[in-house]
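Asks: show me the folded form of this:
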Amino acid sequence: MVLGLTKQYAWLALPMLGFTIGWYLDNKETQRMTMFRDKSALYGRALKEGEAPSW
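Replies: Next comes the predicted model:
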């Protein structure tokens, strides 16, 4: 026991920490992928003047 924390607290905190890190990385990847919405490199065409994005 260190600073009043037991093994039970560690077994509770590890999955929560893993979930938090995964959620953060998933959000960062989603933000990164928004740069590619309706870009010719991803979809193979450029938007026409006045055309609305598909998303």
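Asks: off-centre distance for the helix or strand hosting residue 14?
Replies: Assessed by DSSP states H and E, residue 14 sits inside helix 7-33. Offset of helix 7-33 from its chain centre (CA atoms, centre = their mean, to the nearest Å): 10 Å.
Asks: for it, which positions count as buried?
Replies: Buried residues in helix 7-33, counting neighbours by 16 or more other CB atoms under 10 Å, are absent. The C-beta positions use only the backbone N, C-alpha and C, and glycine is treated the same way.
Asks: so where's the protein uncertain?
Replies: Low-confidence segments of the chain (pLDDT under 70): 1-2, 38-47, 53-55.
Asks: from residue 24, how far out is residue 6?
Replies: Distance, residue 6 to residue 24, by CB to CB, to the nearest Å: 27 Å.
Asks: got it, and residue 5?
Replies: Separation of residue 5 from residue 24 (CB to CB): 23 Å.
Asks: go on, residue 16?
Replies: 13 Å.
Asks: same deal with residue 7?
Replies: 26 Å.
Asks: ditto for residue 3
Replies: Using CB to CB, one obtains 26 Å as the distance from residue 3 to residue 24.
Asks: and for residue 10?
Replies: 21 Å.
Asks: same thing with residue 31?
Replies: Distance of residue 31 to residue 24, computed by CB to CB: 11 Å.
Asks: for residue 7, what are its contacts?
Replies: If a contact means CB atoms under 8 Å, 6 or more residues apart in numbering, then residue 7 has no contacts.
Asks: repeat that for the one 5 residues further on.
Replies: Contact criterion CB under 8 Å, 6+ apart gives no residues in contact with residue 12.
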